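Colleague: Any chance you could fold what I've pasted below:
(one chain, ligands or ions: 1)
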Amino acid sequence: MSKQGKMDCGRRRLIVATAAVGGAGAVAALVPFVSSLLPSERAKAAGAPVEVDISKLEPGQMMTVEWRGKPVWIINRTKDMLGTLTKLADQVADPKSEKNQQPVYAQNDTRSIKPEIMVAVGICTHLGCSPGSKFKPGAEEGMGADWLGGFLCPCHGSTFDFAGRVFKGKPAPTNLEVPPHVYLSDTRIMIGEDKKGA
Ligand code: FES
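Modeller: Numbering: from 1, shown residues only. A predicted model of the protein is given here:
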């Protein structure tokens, strides 16, 4: 999307440059149009939704895309990963995400539209650090033998499960944010919009 935006800007500059060589009248007509268009284009690109192809995201993998300058995680959760969510329901602070505003499609056991695909803003709700993935269960990730997998924020130790739900007694006050998103097809997600073609 941003690449496309850059191409458009470059193309417009080229048109202006060509017009400058072609004649003063053409420049006068073009410049006000260009100068009024570019700032709004820039603003639009900064807040624009992002379309993501998840066709190559294998079970157990996570990808990160940027939306409004924030990292957004998309995780293809395996059955085992999903199985941990039920086991952890009494260990997380807000199992049903009732505490903070969530899209309605995140107010369920998996906090997602499709059970396996998790979409979350990868920014800790405490002071904004970026949590790291600790997907392997057990002590292998340095998290203790009873760790079932999830995320650790290195700043003050908040931990989150595979649905971005914060564990009880941690500094982060709420679960990770689920951004507005919608499926355009089985393998394409639009981040930043709830409605197709909006
Ligand atoms: S910023 Fe994540 S625990 Fe403080």
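
Colleague: Only C-alpha atoms from now on, for both contacts and neighbour counts.
Modeller: Fine.

Colleague: The most centrally placed residue in the chain: what's it in contact with?
Modeller: Residue closest to the mean C-alpha point of the chain, counted by C-alpha atoms, centre = their mean, is V72 at 2.1 Å. Residues counted as contacts of V72 (C-alpha atoms under 8 Å, 6 or more residues apart in numbering) are 64-66, 119-122.

Colleague: 10 Å instead?
Modeller: By C-alpha atoms under 10 Å, 6 or more residues apart in numbering, V72 lies in contact with 63-66, 119-123, 177-179, 191.

Colleague: closest to the ligand among the residues you listed?
Modeller: Distance to the ligand across those (C-alpha to the nearest ligand atom) is lowest for I123, with 7.8 Å.

Colleague: How many neighbouring residues does the closest one have?
Modeller: Close neighbours of I123, defined as other C-alpha atoms under 10 Å, add up to 19.

Colleague: Check the one 5 residues further on too.
Modeller: Burial of G128, expressed as a neighbour count using other C-alpha under 10 Å, amounts to 12.

Colleague: again with S133
Modeller: The number of residues packed near S133 is 17, by other C-alpha under 10 Å.

Colleague: wait, what's in contact with the closest residue to the residue nearest to the centre of the chain other than its chain neighbours?
Modeller: Nearest residue to V72, sequence neighbours excluded (C-alpha to C-alpha, 6 or more residues apart in numbering): V121, at 4.4 Å. Applying C-alpha under 10 Å, 6+ apart to V121 gives the contacts 64-67, 70-74, 130, 164, 176-179.

Colleague: Can you list phi and psi of V119 for me?
Modeller: Per-residue torsions, V119: phi -120, psi 120 (degrees, to the nearest 10).

Colleague: For it, name its beta-bridge partners.
Modeller: Here V119 shows beta-bridge partners I74, assigned using DSSP bridges.

Colleague: Quick check: phi and psi at E140.
Modeller: Phi and psi for E140, reported as degrees, to the nearest 10, are phi -60, psi -30.

Colleague: Put the buried members of the contacts of V72 into a ChimeraX selection.
Modeller: In ChimeraX, a selection of the buried entries from the contacts of V72 looks like this (16 or more other C-alpha atoms under 10 Å):
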select :63,64,65,119,120,121,122,123,177,178,179,191
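
Colleague: Out of the contacts of V72, list just those in strands.
Modeller: Among those, the members found in strands (DSSP state E) are 63-66, 119-121, 191.

Colleague: Can you lay out these as CSV showing pLDDT?
Modeller: Below are the ones in strands among the contacts of V72 laid out as CSV (pLDDT from 0 to 100):
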residue, pLDDT
M63, 97
T64, 97
V65, 96
E66, 94
V119, 98
A120, 97
V121, 97
I191, 96
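
Colleague: For those residues, give me CSV that also has distance to the ligand.
Modeller: Formatted as CSV, these follow (distance: C-alpha to the nearest ligand atom, whole Å):
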residue, distance to the ligand
M63, 20
T64, 18
V65, 20
E66, 19
V119, 18
A120, 15
V121, 13
I191, 23
